[in-house]
Every structure is written in C-alpha cells, then in structure tokens.
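**Student:** Here is my input, please return the structure:
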Amino acid sequence: MKRIPLEQALMALRRRPALDLQKRKRIAAQRRRRGLSTESGERRDLFGPRSKVIGLLARHAFRSLAAQKRKITVKVPPVLSILDAPEDAIVLACSFARALHEGKSIRTITFHHQQLRKYDLAANALLDIVASEFEAQFKIKRSRARLRFNGYLPNEASVQRFIRAIGIIKHLGVEHEAPSEAEASQLEVFDSRQKHYSPKKKGTGAGKVDSTARRFVDHINKCLNTTKHELTPDGLNSLTEYITEILNNAEEHPGFVDWTLQGYLDQSAPTPWCEIAIFNFGRSIAESLLQLPKPCYTWDQIGPYVEMHSGKRLFSPDWREQDLTTVVALQPDVSSKNRTVEDTRGQGTVDLIQFFQRVYEECTNAKNCAAEMAILSGSTYIRFDGTHKLASDEPGGRRKIAFNATNDLNERPDPTFVRPLGKLHFPGTIISIRFPLTSATLVGESENGTESDED
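**Tutor:** Residues are numbered from 1 along each chain as shown. Model (predicted):
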C-alpha cells in the first residue's frame, strides 16, 4: 500500500471541509437544473411513484406504441388537431402514454414530425405533456438511468417554428433549437401549466389562477396590438373574469388539479392565426354532473331535458345521456357548484362562447379563414363554427345554444356539431380556439374606433 507523507495527509484533512462544501454546492446546482429545488420532497410526494397524468391517459388507450430495445418512436400524423381530427389526436396521446406506462425500461424517445402540416395548440400540448411527465418521473425519482429525446422537425417552415417555439423543443428545454431572436420577435407565446405536483405557494400574493388569467389577457391584447387593435377596459375585465372562472372550474370540478393554458401567434405566417388552448385532466363535464346526489338544484335544471329526450326515445349510440348533459352544462348558470338560483357559477364557458361568436363575426369570412372552436370532454365532442349561436328566443330572455335549427334543447343537436366519440375517452376537458387576425374590427372596439357596449 502506498504511504502518504504526514504533511500531505494533514493538508488533505484541512481541505476536506472546503471540498465537501464545493461538492454540496455542485449537487445543489445539478438538482436545480433538473428541477429538484428545496421543495423536492413535497414535490415527490405529490407526484407519486409514477406520473398520474400518464396513468390517466394510458387507462383509456386502445393500443400502445411499439417499443423496441428500450426505444419508442412517435410518428406524428400530417394532421394533429383537436379541431380537425380529435379522434386521431386523443388516440395518439393515449397510445403514447400507455407505451410509457407499461414500458418501465424505456430510455429513448424519438419524435417524427416531418409530415406534420396542420396542428392546433391543444393536440400538440397533450403529446408534449406526456413526454414532459415521463421526463419529470425520471427527475423526481432521481433515476440514474439516462433518458434521451431526439427527433425530426416538420418540413414546413411555419410548422417548424411552432414546434420550436411552443412544442416539444420548448418543453424539453432544447435551447440550441429554440427560435432565433429575429424569429422570436414575430411570435407571441403564452404557456402556463398548473401541475398536480406543484407545491402550494405561500404568501398573500395573487394565486396561480388570478395571475395566469391576467397575464393571458395581456397576451391576447398583444396579439390584437399586432393589427393596431386592443381590448377596451371593459373587454379586459370581462375576458379576465371568464378565463378566471374557467380555470377555477378546472381546479374544482375534475377532482384532480392539473390544467394548461396556452396561446400562440406567428405574425410571419401568410395568415396570422391567434390560437388558444385550455385543458385539464380529471373528471369530464358529464361525469361531474352525473355524479351529483339527486335531488339537487343543478339536477333539477338538467333532469327535465334527460327525461324529455328519454321519453322521445332520442337516445342512441350516436346521442347519449352524457352528450346531452355536456350540452346542457354549456348553458348559462348551469354548474355543479350552484346550490340556489342566486348562485351564478357556470358563466365562464358561456362567456367564452360569446367571445368566440364576437371574434367570428369580426374576422374575415374568406374561405379557409374562419374562426373555429371545439370543446372535447370525456367522450363528447362539440364544434363551433358560427353556424349555431348563443341566443335567446325573445328580447331579454335567457340565452341558450342547442346546436340545432330551432335552438331547442328538447331536440337532438345537429350531429355535425355535437357527436359522441364512442369508446374513445379523454380524462378531462379540452377547449381549442383559433381565429385569423386581420385588419377587420376586433373584440372590444366598434366600427368607428370607439368603445363597444357589448363587452
């Protein structure tokens, strides 16, 4: 055994505390980079041994993506959109989740985006969250195994910018592939997620919901500013209020607090589209309402419609009780949180529909350039394109939207706009919106540039 001189040994002992301190600092820095702050213990407890979000999606998968030699390949289809192809988007997200849930030894994930040409924020974000959750699972478990991500960007330039600005490139923190400064100057990006494993913040400041709603409305205003328009003060307050209610609903109704709010605008695109995505995991709208104890105030509102449709034998595999319940939930003042006629919950989504209608009317009506909106909850899909509106039968009457020619909730909706997804199921609710920004008058302003009374 090699002998160490006494002086050298004493010097090593004197240096050890300093070396230990440096090592602790280095480990702390590594943990911060990996997302393991001083809250890591609480975060691990909230996260659990495995991702709950991946588990929720995997539970509703019909199949799993094939895994070979600890590798999974995610082939993104040409159309990845809740608005245009909801079934394909949900099937891919659930299949990806199931592959990760069952494949405990997965070490490499490869994304093939080359063929992607049509997308929306919501469908893209679902795929990204599955990947991000799996990465978080490695970090929180402090796994020594290394997880690798690689992939191929879309061929189309505008779609490539989207993936780099708010897609998988952004969410995995691949900094060298981020948009350049020149590209970023043409983009308006908003991305906020309340993770189910985020420890509650202490203090008396504004909560996550309130601060997120305010920042999101500022984002929308920035988007409108690109066409030299802006929301009026009333418009700002109104939009803030119903975004806040939608996010509060996402925390209180599903039984699982994990929501995402995103916005995106690419000014350099031939037609700049303002895109919005809001979604949460947990119970669907219909599940929240159908689980209510009966009798109760909210079921007194819903029950007569269920009895009417049942009595008329309108229900079938193509029109189910949960589909009707979801449509009724979109009507003003219908909420599982309401207990009396004085309660006013249930306005957030209604007001968002009104916002969409206003945007639809004020944007260009050219072919392939109309505003679009969709709500997907559980296994019910509802599409808005301006054909059916939230309206009352008489001046001053209660507004409603029934998605049929007579705007009658006692009749079945047009299946073009409301349809079941069969056995397909998304554990939560998704709202996806996109509208073109043009030189037309936009929300919160009247034709002559004065404030509108409607907002």
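**Student:** and residue 158, how many residues sit next to it?
**Tutor:** Residue 158: 14 surrounding residues under other C-beta atoms under 10 Å. C-betas here are computed from N, CA, C, even on glycine.
**Student:** contacting residues for it?
**Tutor:** Going by C-beta atoms under 8 Å, 6 or more residues apart in numbering, residue 158 touches 266, 268, 269.
**Student:** ok, now with 10 Å
**Tutor:** Counting by C-beta atoms under 10 Å, 6 or more residues apart in numbering, residue 158 touches 117, 266, 268, 269, 270, 271, 273.
**Student:** Quick check: the two most widely separated of the residues you listed?
**Tutor:** Distance extremes for the contacts of residue 158: the farthest pair is 117 and 268 at 16.9 Å, using C-beta to C-beta.
**Student:** Quick check: neighbours of the lengthiest strand in the chain in the sheet, parallel or antiparallel?
**Tutor:** Across the chain, the longest stretch assigned as strand under DSSP state E is strand 426-436. The strands beside strand 426-436 in its sheet (DSSP bridges) come out as strand 273-281 (antiparallel), strand 372-378 (antiparallel).
**Student:** Could I get those in a markdown table, plus columns for mean pLDDT, mean neighbour count and distance to residue 404?
**Tutor:** Shown next, in a markdown table, are these (pLDDT from 0 to 100; neighbours: other C-beta atoms under 10 Å; distance: least, C-beta to C-beta, whole Å):
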| stretch | mean pLDDT | mean neighbour count | distance to residue 404 |
| --- | --- | --- | --- |
| strand 273-281 | 94 | 24 | 26 |
| strand 372-378 | 93 | 25 | 17 |
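**Student:** TSV please, covering these and showing distance to residue 163.
**Tutor:** Below are the strands paired with strand 426-436 laid out as TSV (distance: least, C-beta to C-beta, whole Å):
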stretch	distance to residue 163
strand 273-281	14
strand 372-378	21
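**Student:** Distance-wise, check residue 180 relative to residue 163.
**Tutor:** Here the distance between residue 180 and residue 163 works out to 14 Å (C-beta to C-beta, to the nearest Å).
**Student:** ditto for residue 121
**Tutor:** Using C-beta to C-beta, residue 121 is found at 12 Å from residue 163.
**Student:** neighbour count winner among the two?
**Tutor:** A direct count of neighbours by other C-beta under 10 Å for residue 121 and residue 163 places residue 121 higher, at 28 against 22.
**Student:** Tell me the buried residues in stretch 207-222?
**Tutor:** By neighbour count on 16 or more other C-beta atoms under 10 Å, the buried set for stretch 207-222 is 207, 208, 209, 212, 213, 214, 216, 217, 219, 220, 221.
**Student:** Closest one of those residues to residue 386?
**Tutor:** For the buried residues of stretch 207-222, the minimum distance to residue 386 (C-beta to C-beta) is 19.4 Å, reached by residue 220.
**Student:** tell me what the host helix or strand of the closest one is packed against?
**Tutor:** Element membership for residue 220 (DSSP states H and E) is helix 208-225. Judged by 3 or more C-beta pairs under 10 Å, 6 or more residues apart in numbering; DSSP states H and E, helix 208-225 is in contact with strand 187-194, helix 233-252, strand 259-266, strand 273-281.
**Student:** Enumerate the beta-bridge partners assigned to the residue positioned nearest the centre of the chain.
**Tutor:** Nearest to the geometric centre of the chain sits residue 279, at 3.3 Å (C-alpha atoms, centre = their mean). Beta-bridge partners for residue 279, by DSSP bridges, are residue 260, residue 430.
**Student:** separation between it and residue 53?
**Tutor:** 11 Å.
**Student:** residues shared between the contacts of these two?
**Tutor:** Taking C-beta under 10 Å, 6+ apart as the criterion, residue 279 and residue 53 both touch 126, 129, 258, 428.
**Student:** Leaving out the residues flanking it, which one is nearest to residue 116?
**Tutor:** Among residues not flanking residue 116 along the chain, residue 154 sits closest, at 4.5 Å (C-beta to C-beta, 6 or more residues apart in numbering).
**Student:** ok, now how distant is that neighbour from residue 227?
**Tutor:** Distance check for residue 154 against residue 227: by C-beta to C-beta, it reads 26 Å.
**Student:** Who has more neighbours out of those two?
**Tutor:** More neighbours sit around residue 154 than around the other of residue 154 and residue 227, counting by other C-beta under 10 Å; the figures are 22 against 16.
**Student:** Could you give the bridge partners of residue 436?
**Tutor:** Bridge pairing for residue 436 (DSSP bridges) gives the partners residue 273.
**Student:** All the strands of this protein, in order from the start?
**Tutor:** Going by DSSP E, the chain shows strands at 67-68, 71-75, 79-80, 108-112, 118-119, 148-152, 187-194, 259-266, 273-281, 372-378, 380-384, 418-420, 426-436.
**Student:** Can I get the helices and strands packed on helix 208-225 in CSV including distance to residue 304?
**Tutor:** Compiled in CSV, those are given as follows (distance: least, C-beta to C-beta, whole Å):
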stretch, distance to residue 304
strand 187-194, 36
helix 233-252, 23
strand 259-266, 31
strand 273-281, 29
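**Student:** Worst mean pLDDT among those?
**Tutor:** Mean pLDDT is lowest for helix 233-252 out of the helices and strands packed on helix 208-225, coming in at a mean of 86.
**Student:** in that helix, what's buried?
**Tutor:** Quick answer for helix 233-252 (16+ other C-beta under 10 Å): 235-236, 238-240, 242-251.
**Student:** Stretch 397-413 too?
**Tutor:** Buried residues in stretch 397-413, counted by 16+ other C-beta under 10 Å: 400, 401, 402, 403, 404, 407, 409, 411, 412, 413.
**Student:** Around residue 317, how many other residues sit close by?
**Tutor:** For residue 317, using other C-beta under 10 Å, the count is 7.
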